[in-house]
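Engineer: task: produce atomic coordinates for the following.
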Amino acid sequence: YSTASGGYSSESDGEDYVAELDKKRLTFYQSVDWTKLHQLMLDSGVLKPTAPAQSSVEVDHERCSALLALTACHDIMKVRELLPTVLPEHAPYHTFEAGSMINDHDAALAYVLEKDPEAIPCYNALPPEQRRSVLFTQAQLGFNHGWLVQAEASPGALFSKMKSVVEQSETSNADIAFYFVHWLTDLAGALPTPLNGTEKFAAKFPHAVLGSFIRSFSCVQRLAKRTPTELMQEFLIEWWPTHLNANHPTGPTAIAEMRLVVQAQTANDQMAIYNAFKLLSPADKATLGEEMARS
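Structural biologist: Numbering: from 1, shown residues only. Alright, predicted model coming up:
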C-alpha cells in the first residue's frame with residue numbers, strides 16, 4: 001500500500017521504515033545533551049530547584065502556564081481573518097502605518113498582546129512578569145541562529161536588533177532562555193505525531209545542528225548583560241576546539257582564526273583550516289584579521 005506523502009508501499013517496506021525511525025530515535029536519545037536542556041529549563045524558570053536541599057527540581061506553575069499560553073496562541077495570526085489593522089493612536093507600529101493590516105503573523109500577535117491583551121484571554125490572565133516574557137518571544141529580534149553557530153556573521157548583524165529589544169524591554173537572561181524553550185517546543189510540535197514524541201527532532205532534524213543550537217543557548221542568554229561584540233568573542237573562545245591547541249588564538253588575527261575554524265565544523269576540516277592559516281602571507285593574515293573582526 002502507499003501513503004499520501006509517498007511513503008512505503010508494502011508491509012516489508014513499512015517494517016523497514018519503522019526500523020529506520022527507531023534507529024534515528026535511539027541515536028537522538030544517545031546524542032542529545034540532556035544536561036544542557038535541563039539547564040535551559042532551569043535558566044528559563046520553567047523548572048526551579050526545590051528547597052532546601054536544591055538537589056531536585058519542580059515545575060514552576062506560573063512559568064509553565066505562560067509557556068502553555070504562548071503555545072496556544074503564538075500562531076493564531078496565521079488565520080488571515082484575525083490579522084489586526086493599526087489604529088491611528090498606535091501608528092506607526094514598527095513599519096506599519098495607520099490603517100494598514102499587519103500581515104506578519106508574529107508582529108500581528110505582538111500588536112494585539114501590547115495594545116489589546118484582553119483579546120487573548122490566556123495571555124491576559126498571566127501575571128505581568130510572565131506577560132513580559134511572552135511578549136518578548138514575539139518581538140522582531142532579527143536573530144539568525146545558523147549565522148551564530150557557524151560564525152558566519154559579525155556581532156552587529158547577529159545581535160544588534162535583539163540587543164535593542166532586550167534593552168528597551170528590560171529583558172532578563174531568564175526571558176531569553178524562555179524564548180529558546182518556546183523555539184524548541186514550537187519546532188518539536190511541527191510534525192503532528194503526538195504518540196511518537198518529538199518526531200521532528202528525533203527523525204527529521206540533523207542531530208549535529210540541533211546539538212550546536214542547544215550548546216549555544218547558554219551563550220546567547222548572556223546578551224542581557226553583554227554587548228554584541230563581547231558576546232561574540234566569548235562564543236568564539238568557548239567554541240575553540242582544544243584538539244587544535246589548548247589555548248585559543250590571541251592577537252590581531254585571533255577573531256579571524258576562530259571564526260574560520262568554527263565555520264569548518266568538523267575536526268578534520270578544522271585542522272586543515274588551522275594549518276592553512278599559518279601558511280598565509282603576513283599581508284593576507286592582516287587583511288582577514290581586520291575584515292573578520294569588524295563588529
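
Engineer: burial measure for L87, as a count.
Structural biologist: Neighbours of L87 under the rule other Cβ atoms under 10 Å: 13. Yep, even glycine has a C-beta here, placed from its N, CA and C like the rest.

Engineer: now do the contacts for the closest residue to it other than its chain neighbours.
Structural biologist: Nearest residue to L87, sequence neighbours excluded (Cβ to Cβ, 6 or more residues apart in numbering): A98, at 6.9 Å. Neighbouring residues of A98 by Cβ atoms under 8 Å, 6 or more residues apart in numbering: 86-88, 90-92.

Engineer: so which strand or helix has A98?
Structural biologist: Using DSSP states H and E, A98 sits in no helix or strand.

Engineer: before we move on, back to that, can you select the buried ones from the contacts of A98 in PyMOL?
Structural biologist: The buried residues among the contacts of A98 can be selected in PyMOL (16 or more other Cβ atoms under 10 Å) with this line:
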select buried, resi 86
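
Engineer: next, the residue nearest to L87: phi, psi?
Structural biologist: Torsion angles at A98 (phi, psi; degrees, to the nearest 10) stand at phi -60, psi 130.

Engineer: gap between it and E89?
Structural biologist: 8 Å (Cβ to Cβ, to the nearest Å).

Engineer: cool, and D269?
Structural biologist: 55 Å.

Engineer: please name the residues that touch the residue nearest the centre of the chain.
Structural biologist: By Cα atoms, centre = their mean, the chain has its centre lying nearest to F180, at 4.9 Å. Contacts for F180 (Cβ under 8 Å, 6+ apart) come out as 40, 44, 217, 220-221.

Engineer: okay, and it sits in which element?
Structural biologist: helix 173-188.

Engineer: may I see the buried residues of that helix?
Structural biologist: For helix 173-188, burial by neighbour count (16+ other Cβ under 10 Å) applies to 173-182, 184-185, 187.

Engineer: and for P241, the neighbour number?
Structural biologist: 16.

Engineer: find the nearest non-adjacent residue to it, please.
Structural biologist: Q270 (5.6 Å).

Engineer: what segments of the stretch 51-200 of the chain are strands?
Structural biologist: Taking DSSP state E, counting those that start in this stretch, the strands of the stretch 51-200 of the chain run over residues 57-59.

Engineer: quick one: low-confidence parts of it?
Structural biologist: Where the stretch 51-200 of the chain drops to pLDDT under 70, the residues are 52-54.

Engineer: can you map out the helices along it?
Structural biologist: 61-73, 105-115, 121-124, 128-137, 145-149, 155-168, 173-188, 199 (DSSP state H, counting those that start in this stretch).

Engineer: those helices: which one's closest to A254?
Structural biologist: helix 155-168 (14.4 Å; Cβ to Cβ).

Engineer: give the buried residues for that closest one.
Structural biologist: 155, 158-159, 161-163, 165-166.

Engineer: now the residues you listed in JSON lines, with distance to N144?
Structural biologist: Formatted as JSON lines, the buried residues of helix 155-168 follow (distance: Cβ to Cβ, whole Å):
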{"residue": "P155", "distance to N144": "13"}
{"residue": "L158", "distance to N144": "7"}
{"residue": "F159", "distance to N144": "10"}
{"residue": "K161", "distance to N144": "10"}
{"residue": "M162", "distance to N144": "10"}
{"residue": "K163", "distance to N144": "14"}
{"residue": "V165", "distance to N144": "15"}
{"residue": "V166", "distance to N144": "16"}
